[in-house]
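1. Quick one, what's the 3D model for this:
(2 chains)
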Amino acid sequence: MTVLFQLFFSFFQIGLFSIGGGYAAMPLIQAQTVDIHHWLTLTEFANLVTIAEMTPGPIAINSATFVGMKVAGLSGVLVATLGNVLPSCIIIIILARLYEKYSKQTLLKNVLENVRPVVVAAIFTAGLALLQLAVGSISLENLQLDIFALIVFILAFFILNGKRLHIGPLVLLVLGALVGIGYELVQQYLFV
Amino acid sequence: MKQSECLDNKTKVVKPEVNFRFFLQLFWATFTLSIFTFGGGFVIISLMRKKMVATLHWIDDEQMMDFVTIAQSSPGPIAVNGSLMVGYHLAKLPGALVAALGTILPPMIILSLVSLGYEAVKDNLWIDAAFHGMRPVVAAIVLQVTWVLFKPLLAKKKIIPLLMFALSFVALYLFKVNIMLVMVICIIVAVIVSLVGMKKAGLR
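-> You can find the predicted model right below:
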C-alpha cells in the first residue's frame, strides 16, 4: 500500500512540475525513480528513455507505466499514470473554463493573435529536429544524408500538401513503416 | 469572402452534438492519434490539427493554436493537455476526460507489454526498419502542418505576428532557448503590444 502511495505521489510531482514537454520531464523522472526511490538503476533508466523514444506517447506516461509495472504490477501502472495526469487534468480544466469564458474578449483576443506565431515557430523547430533525425546530420566535416529517408520525406510532404490524393497521416505512417521494412528486405536479400 | 473560403483553415466549424456516438468518436480519434505519437508532443499536436480541424471540422486553426499555447505553458505532457483542452471545448468535463483517456491508453498498453518483454524488442532489425520508414513521414507531417499554419500568417501581412514568428524561431532553433522562456516572454510582449494597440484605437 505504501508503495502504491509513493508511486502516486512521485508521479504526481513529476506531472505537476514538468512544464514544457518531455525533455523537461526527464530530469524529474530520473530524480524520482533513480535517486530518491531506487526503483530503477541508472542503466534501466537509460533503457527506459530509449524505449520511450521508440514507442508512442508522452515520456512521462511511458515512464509511469514502465516503473509502475516493475514496482507493483498492473495496479502500479494505474496508480502511477493516474498520479501523473491528475495535475494536468485539474489545471487544464481550470484554464479551459477561463478560455471558453474570455477568449472572445478583445484584449485576450489580441494577445492570443500575437502569441499564435510562437506556436508555429515551435512546431517548425520540432519538425526540423525530426527531419534532421530522420535524414541524418548535415555538417561541414561529414555529410551523412540518408537518401532513402529523404525521398520518403519529400513524397510524404507532397502527398499531404497536395489536394489530389486523400491519404491521411495515419495511413501514411503505416505506409512509411511498410516501405521501411520493404527497403530492409531488399537490402538483405538482393545485395548480399 | 469567397477568397477566404478557399483557404483550408477557413472551413466551416460545426460543433458536434454531444451524445454517445460523439464520445465514441472522440475517444477513437484521440486513441488512434496517440498510437502514432512517437517523437514528442508536437507530433500529436500536428496530427490532432489534421484530425480535429481538417477532417472532423470540430474546431478551427486559431482555436487549435490557442489550445497548443495553453497546453505548452501548463504542467504535464503536451499531448494530454492538448486532448483535455479539445475535449473540454467540445463537451465540458466528460469530453476532457474521454479525450485524455484515449490519449493515455495506447502508451499504457504498449509500455506494459514492452516492459514485460523489451529484451526481444530492443535490437529487432524489423522494428528498426519500420522506424526507418516512419521517421521521415513524421517529419513531413509536422512540417506540412507548419506550412498550413504559416500561410495565413503571411496572408494577413501584419508586422507584429510575423516578427514574433521570426524572433521566436531564431531563439528556439538557433540559440536553443528553452521553449517555456520564449513562451513567457512572448506572452508578456503580446500583452504590452495589445494594450498599446487598444489604447491607440481608443484615442482615435
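2. Using CSV, write down the CA coordinates of the one helix or strand residue B:47 maps to.
-> Assigned by DSSP states H and E, residue B:47 falls within helix B:41-48. Listed next in CSV are the C-alpha coordinates belonging to helix B:41-48 (Å, rounded to 0.1, in the frame of the first residue of the first chain):
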residue,chain,number,x,y,z
GLY,B,41,4.3,16.3,-28.2
PHE,B,42,4.4,18.5,-31.3
VAL,B,43,3.8,15.4,-33.4
ILE,B,44,0.5,14.7,-31.8
ILE,B,45,-0.4,18.4,-32.0
SER,B,46,0.2,18.2,-35.8
LEU,B,47,-1.9,15.0,-36.1
MET,B,48,-4.6,16.4,-33.8
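3. what mean pLDDT does it have?
-> For helix B:41-48, the per-residue pLDDT values average out at 80.
4. Say whether chain A is contacted by that helix.
-> Yes - using C-beta under 8 Å from any C-beta of the partner chain, helix B:41-48 reaches chain A at B:41, B:42, B:43, B:45, B:46, B:47. For the C-beta atoms, the positions are set from N, CA and C on the backbone; glycine is no exception.
5. closest to residue A:167 among the residues you listed?
-> Relative to residue A:167, the closest of the residues of helix B:41-48 next to chain A is residue B:47; by C-beta to C-beta it sits at 13.7 Å.
6. what's near enough to touch the closest one?
-> By C-beta atoms under 8 Å, 6 or more residues apart in numbering or on different chains, the contact set of residue B:47 is A:169, A:170, B:33, B:36, B:37, B:141.
7. how about the helices in chain B?
-> For chain B, helices defined by DSSP state H occupy the ranges B:2-6, B:20-35, B:41-48, B:61-72, B:78-116, B:118-122, B:125-156, B:159-169, B:179-203.
8. hmm, back to that, okay, the contacts of residue B:47 in a markdown table with distance to residue A:187 and neighbour count next?
-> As requested, these are exported to a markdown table (distance: C-beta to C-beta, whole Å; neighbours: other C-beta atoms under 10 Å in any protein chain shown):
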| residue | distance to residue A:187 | neighbour count |
| --- | --- | --- |
| A:169 | 27 | 28 |
| A:170 | 26 | 16 |
| B:33 | 32 | 28 |
| B:36 | 25 | 22 |
| B:37 | 28 | 26 |
| B:141 | 25 | 27 |
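9. Let me have the residues you listed in a markdown table, adding pLDDT and distance to residue A:135 as columns.
-> Listed next are those as a markdown table, based on pLDDT from 0 to 100; distance: C-beta to C-beta, whole Å:
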| residue | pLDDT | distance to residue A:135 |
| --- | --- | --- |
| A:169 | 79 | 19 |
| A:170 | 77 | 22 |
| B:33 | 89 | 24 |
| B:36 | 77 | 20 |
| B:37 | 74 | 20 |
| B:141 | 85 | 15 |
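10. Turn these into CSV, columns for distance to residue B:189.
-> Listed next are the contacts of residue B:47 as CSV, based on distance: C-beta to C-beta, whole Å:
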residue, distance to residue B:189
A:169, 33
A:170, 37
B:33, 32
B:36, 35
B:37, 31
B:141, 30
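11. just the residues of helix B:41-48 next to chain A now: which is nearest chain A?
-> Among those, residue B:42 lies closest to chain A (C-beta to the nearest C-beta), at 3.8 Å.
12. and the closest one, how many neighbours?
-> Around residue B:42 there are 28 other residues, counting by other C-beta atoms under 10 Å in any protein chain shown.
13. Same check on residue B:24?
-> Per other C-beta under 10 Å, the neighbour tally for residue B:24 reads 11.
14. got it, and residue A:154?
-> 13.
15. how close does the spatially most central residue of chain B sit to residue B:175?
-> What sits nearest the mean C-alpha location of chain B, by C-alpha atoms, centre = their mean, is residue B:45, with 2.5 Å. Remark: distance between residue B:45 and residue B:175 (C-beta to C-beta, to the nearest Å) = 22 Å.
16. if we compare the helices of chain B, which one ends up closest to residue A:72?
-> helix B:78-116 (12.3 Å).
17. helices or strands up against that closest one?
-> Applying 3 or more C-beta pairs under 8 Å, 6 or more residues apart in numbering or on different chains; DSSP states H and E, we find helix B:78-116 packed against helix A:42-54, helix A:59-102, helix B:20-35, helix B:41-48, helix B:61-72.
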